[in-house]
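Novice: generate a structure from the sequence data that follows.
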Amino acid sequence: MRPGDVTLFDSTVPASVASSDGYRSLCVRLPHQLVGVSRSAMSELTAIRFAPDDGLTPAFGALLATVDRAWDRIPGRARSLAAHNTADLLTTIFLTTLGRRPARPADETDLERMLRYVDRHLADPELSPGVIAAAHYMSLRRAHGIFHDAGLTIAGAILRRRLERCRADLIDVADAEVPVARIGVRWGFRTATQFGRAFRTGFGEPPATYRSRFGAE
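Specialist: Modelled structure (predicted):
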């Protein structure tokens, strides 16, 4: 590691750091659900060096340093947006790195098409891996394989996108009067209980609590 480098540690597995005297670092801990990379792909990203002149790494490093300095002066809703934008940029860096592996162009095209399909049909509670595979005239096994090659799962991609849409609506001033349960149903969750459980797992607290902390002030 050199000054300005970025690296990843998976806190679910043991790790050790060997450093010289005077070593300093800025550490940011993010829930795995926000990173957008499967558990199996994490091992390919752990403890590798993202250099400060490589791709989006300098932008990410500058963003982290800025957010760290300004955090106490950022209001609640802006904190949430800053945190999630930081996570999105990190996800982009990770997926770009994973995408350097040899991959068939057809798989990349199919993946993009299926993700666009997911985004267009998030509100449909019937959206499922089987529905997505059928809509693209391929077997369920092939659809799962395409997502797996990108370090993703179909169900995980659907859930993450739904939760992100719900999170954005919960802190949107235009939706301030919309009941929490209705926001969940809006994005494909069948019941308030299902939405609440998924949101708590993804973001660490119930959606109503999240809205009260980060909603428009």
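
Novice: show me the domain layout of this protein.
Specialist: Following automatic domain parsing, one finds the domains of the chain at 1-101, 105-214.

Novice: can I get these in TSV with mean neighbour count?
Specialist: Just so you know, the C-beta spots here come from the backbone N, C-alpha and C atoms, and that holds for glycine as well. Converted to TSV, the domains of the chain look like this (neighbours: other Cβ atoms under 10 Å):
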stretch	mean neighbour count
domain 1-101	13
domain 105-214	16
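
Novice: helix or strand right after the lowest-mean-pLDDT helix or strand in the chain?
Specialist: Sorting the helices and strands of the chain by mean pLDDT, DSSP states H and E puts helix 32-35 at the bottom, at a mean of 70. Remark: after helix 32-35, the chain's next helix or strand is helix 39-45, criterion DSSP states H and E.

Novice: mind listing residues that contact that next one?
Specialist: Helix 39-45 has contacts (Cβ atoms under 8 Å, 6 or more residues apart in numbering) with 8, 10, 32, 37, 94, 97-98, 151.

Novice: where among the domains of the chain is average confidence lowest?
Specialist: Here those differ in mean pLDDT, and the lowest is domain 1-101 at a mean of 79.

Novice: where along this structure do the helices fall?
Specialist: Per DSSP state H, the chain carries helices over the ranges 32-35, 39-45, 57-70, 76-98, 105-120, 129-135, 140-149, 154-170, 180-186, 192-203, 207-214.

Novice: take these and lay them out in a markdown table including distance to Met1.
Specialist: Listed next are those as a markdown table, based on distance: least, Cβ to Cβ, whole Å:
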| stretch | distance to Met1 |
| --- | --- |
| helix 32-35 | 20 |
| helix 39-45 | 15 |
| helix 57-70 | 12 |
| helix 76-98 | 16 |
| helix 105-120 | 31 |
| helix 129-135 | 40 |
| helix 140-149 | 30 |
| helix 154-170 | 30 |
| helix 180-186 | 42 |
| helix 192-203 | 31 |
| helix 207-214 | 33 |
